[in-house]
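Peer 1: Next input, structure requested:
(chains A and B)
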Amino acid sequence: MAQLDSKFDFHGRDPHVAAPAGLMTVLAVQGAPGPWGTPGSSGTPVAGSIPNGTIVVMNTTGNAIVADNASATTNAPCMMYITVDGDTDLDGAFVHKLTCIQGGTEFLLDPANFVADSYLPGDFLTCASSADAGKFRKAASTEQIYGQVGSEGYNATNLTLHVIIPQGIGPAKP
Amino acid sequence: MSYQVQTPEASAQFINSNFIRKIEQGHVKEAQDQTSAFIREKLRQAAAVREIMVPEPISETEIDRDEHTDQPKVIVEKEPGSVATFVQFQGSGQRTWFKGKRYAIFFGKIESQRFTKSKFELMSYRSDIRQILSDNSVNDMADQEDAKFAELVTTIIALNAAQQSSGPFQSGTFKQSMQAMLNRRIPVGKMLMTKSQYLNALDLPATTVGDDIAKRHFDEGIESSQKLWGIPVVTTIKSDIYDPNKAWVFAPQAPNNFLGNFYLLQDATLFIKTEADMITFWSYEAPGLGIGNRLSLQQISFI
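Peer 2: Now for the predicted structure:
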């Protein structure tokens, strides 16, 4: 048997140092801006618009697009990722890739990462749509579950939301 | 491109034990042979961008901070514009509240694959596979540097038709592109093209380049020439990164920098770790590059 001819190999990445159980992947940003996007610009790389905590999905070219519940690309079943290093920061502006975690970790979300609502521990979450695309919101019946509000729930002092994101493609909410 | 090794010495020695043992035993020739015992699958090469823009290592004291992020950047100042004018004896020059433009270099990390192997499996290799993979991974990272540079150049060229020249591989085409640069008051520094494109210089007739050069090309090949019409040529085998039907003319970085900047927070570094019987190693670096003067390059498309 020619074992050394096999093309089988591992292809994942080591876990993110802060999310050792998470499935980390790096996705290029679809339609990302670049430096010198306009002749009058200075040459400084142009930042993108996907901040940390944004839910993204992968399109058919393997690039990241912001998850929009109104779009067919995010209809269940769909694998969603949370951006942990977006392209609004300096390194993201330079490389225009997102470091994402598919699941298997918990986060404290910034208010910009979820739709304002009354959240209780255990609430199922999905991705929002249109102007709120990429944000979390409470899942309605038949919508794919992407996460759950964690035990700390909504922190009215810090305005953060504790969420638990399981790995895999979640089922629809009953 | 050389690289540093970041590891407890014992680990590197362990991985290379077979190699080192042979050297210690006086089998230097055999050990040297081991390093080249692999059958190569493709030619790898250092980054061409490093010959166009010389990388400068920078320290933390040279990093500019930002109020909104803890990520590093370097702000580079550009030459301010200025004019002068003739006036009568009672006249005066125009007033200006001068300001110099700036642009910023941001950084990213390039990392090779993380190679893992059991030491027991590693024992079955007669060649120093770690060395081969380490060397190759550094050149793989160089490919990423070139890909980023090519992306940057392509973006800039697409913005301005005046920076695009075309024609056959002959003196008139190169002259046209260099004249375009000079007409923008940009000096000509170096040219970049693929080796396969550079081979077309072999077809330059003796009536153009002279008998001596034509004869030398015939006898020694194109590698004997490092310049075309006095302009240094950087050639690359990376036809998959740099369009083989194009060449680029760049302004120089020295003595005055008309082009841009290439900084290194950290140059290529090999990291090795061992955990019980598992050996893992990878290479990484943190470069940042940018072209501060959009008009400092000209593209030639060969037809």
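Peer 1: pretty sure A:D85 is in contact with A:V95, am I right?
Peer 2: No - with contact defined as CB atoms under 8 Å, A:D85 and A:V95 do not form a contacting pair (9.9 Å). No exception for glycine: its C-beta is placed from N, CA and C like everyone else's.
Peer 1: Between these two, tell me which one has more neighbours.
Peer 2: A:V95 (23 against 20; other CB atoms under 10 Å in any protein chain shown).
Peer 1: can you pull the contacts of the nearest residue to A:I101 once chain neighbours are set aside?
Peer 2: Spatial nearest neighbour of A:I101, excluding adjacent residues (CB to CB, 6 or more residues apart in numbering or on different chains): A:G22 at 4.0 Å. Counting by CB atoms under 8 Å, 6 or more residues apart in numbering or on different chains, A:G22 touches A:P15, A:H16, A:I101, A:Q102, A:G103, A:G104, A:T105, A:Q167.
Peer 1: Helices of the stretch 151-300 of chain B, residue ranges please.
Peer 2: With DSSP state H, counting those that start in this stretch, the ranges of helices along the stretch 151-300 of chain B come out as B:171-183, B:195-198, B:206-209, B:211-220.
Peer 1: tell me, how many neighbours does residue 111 end up with?
Peer 2: With no chain named, the answer covers chain A. Neighbourhood size, A:P111 [other CB under 10 Å]: 14.
Peer 1: The chain in question should be chain B.
Peer 2: Neighbour number of B:E111 under other CB under 10 Å is 16.
Peer 1: Any regions of the chain where pLDDT drops low?
Peer 2: Here I'm looking at chain A. Scanning chain A for pLDDT under 70 picks out A:1, A:72-74.
Peer 1: ah, I was thinking of chain B
Peer 2: For chain B, the stretches with pLDDT under 70 are B:1-2, B:5-43, B:222, B:224-225.
Peer 1: now the strands: where do they sit in it?
Peer 2: In chain B, the strands defined using DSSP state E lie at B:4-6, B:56-57, B:73-77, B:102-106, B:110-111, B:115-118, B:164-167, B:190-194, B:227-228, B:231-236, B:246-250, B:260-275, B:278-291, B:297-302.
Peer 1: Ok, which of the ones you listed comes nearest A:F124?
Peer 2: strand B:110-111 (36.3 Å; CB to CB).
Peer 1: Give me the contacts around stretch B:242-258.
Peer 2: Contacts with stretch B:242-258, where a contact means CB under 8 Å, 6+ apart, come from B:48, B:52-54, B:146, B:150, B:153, B:174, B:177-178, B:181, B:186-194, B:196-197, B:231, B:236, B:259-260, B:292-293, B:296-302.
Peer 1: follow-up on the earlier one: got the contacts of A:G22 as a markdown table, with distance to B:A201, neighbour count and secondary structure columns?
Peer 2: Formatted as a markdown table, those follow (distance: CB to CB, whole Å; neighbours: other CB atoms under 10 Å in any protein chain shown; DSSP: H, G, I helix; E, B strand; the rest coil):
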| residue | distance to B:A201 | neighbour count | secondary structure |
| --- | --- | --- | --- |
| A:P15 | 51 | 15 | coil |
| A:H16 | 50 | 17 | strand |
| A:I101 | 51 | 23 | strand |
| A:Q102 | 51 | 18 | coil |
| A:G103 | 56 | 21 | coil |
| A:G104 | 56 | 17 | coil |
| A:T105 | 56 | 22 | strand |
| A:Q167 | 56 | 14 | coil |
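Peer 1: Pick out the most distant pair among these.
Peer 2: Using CB to CB, the pair of the contacts of A:G22 lying farthest apart is A:H16 and A:Q167, separated by 13.3 Å.
Peer 1: before we move on, back to that, what strand or helix carries the residue nearest to A:I101?
Peer 2: Using DSSP states H and E, A:G22 falls within no helix or strand.
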